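Visitor: Show me the folded form of this:
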Amino acid sequence: MKLTKDIIEKAVKQKGYKWFEKGDYNLNIVGVRNSDTGTEVTNKFDDKITISFKCDGQWEFYCYDCTTDPGRYWVENIMRVEGVAVLKEGQYSGSHKIRLHQGRYEALGQCRPVTVYRDANKDNKFDLSNDNTQTGLFGINIHRATKWGGKKSSQVDKWSAGCQVIAANDDWHEFMDICRVARDKWSNSFTYTLLESKDL
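Guide: Below you'll find the predicted structure:
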């Protein structure tokens, strides 16, 4: 399915989530997890991050290849005894702000609680059970993969231990340029919404 602003808007509203329409650069940052892969750890950038917003009163829409799931490395080499983090679908109001990722470059860093599934059995299948979730500050940032301009990462590997990660460096810079304009117009506060592709 080719994603559009209208498809994303409809899905967000059907979930009862907020859709921001007032003013220019009032961003709707919406991730779409690929439901077709089920619980498989694909280790691929097979999800999407979209941004929908008005500029001079006209809607603009951007869509980037990303991962919303951790890479195989962190599934097999968990950092916490509770297990690797997989962000749960939902809308997280004001959950992120522009700040340094790992002290190295600007990204959207988690600043308010989100809910994650925890998977500790290292079987390369995500255990998405509501009986095994945590809510809190876990460093679930929105950042880039490769640092090289014009390049695009193809395997997630160590790029994500639960973060939402944009595959292509050029896409990342475009994404952050939009976020900086939004910060200057509104505030350094961004809502992130994660949907499943089956809900579109």
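
Visitor: only C-alpha atoms for contact and neighbour calcs from this point on.
Guide: OK.

Visitor: just the CA coordinates of the helix of greatest length in the chain, formatted as CSV?
Guide: In the chain, with assignment by DSSP state H, the single longest helix is helix 169-185. Provided in CSV are the C-alpha atoms of helix 169-185 (Å, rounded to 0.1, in the frame of the first residue of the first chain):
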residue,chain,number,x,y,z
ASN,A,169,20.8,9.7,5.9
ASP,A,170,19.2,12.2,3.5
ASP,A,171,15.7,11.3,4.7
TRP,A,172,16.9,11.8,8.2
HIS,A,173,18.2,15.3,7.5
GLU,A,174,15.0,16.3,5.8
PHE,A,175,13.0,14.9,8.8
MET,A,176,15.1,16.9,11.3
ASP,A,177,14.9,20.1,9.2
ILE,A,178,11.1,19.9,9.4
CYS,A,179,11.2,19.2,13.1
ARG,A,180,13.4,22.3,13.7
VAL,A,181,11.0,24.6,11.9
ALA,A,182,8.2,23.1,14.0
ARG,A,183,10.1,23.6,17.2
ASP,A,184,10.8,27.3,16.4
LYS,A,185,7.1,27.8,15.5
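
Visitor: buried residues in that helix?
Guide: The neighbour-count check on helix 169-185 (16 or more other Cα atoms under 10 Å) flags 169-173, 175-176, 179-180, 182-183 as buried.

Visitor: Over to stretch 144-155?
Guide: Buried-residue list, stretch 144-155, by 16+ other Cα under 10 Å: 144-146, 152-155.

Visitor: In strands, which of the residues you listed fall?
Guide: Arg144 (DSSP state E).

Visitor: and the buried residues of stretch 144-155 as CSV, adding pLDDT and distance to Gln110?
Guide: As requested, these are arranged in CSV below (pLDDT from 0 to 100; distance: Cα to Cα, whole Å):
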residue, pLDDT, distance to Gln110
Arg144, 98, 14
Ala145, 98, 17
Thr146, 97, 20
Lys152, 98, 24
Ser153, 98, 23
Ser154, 97, 25
Gln155, 97, 23
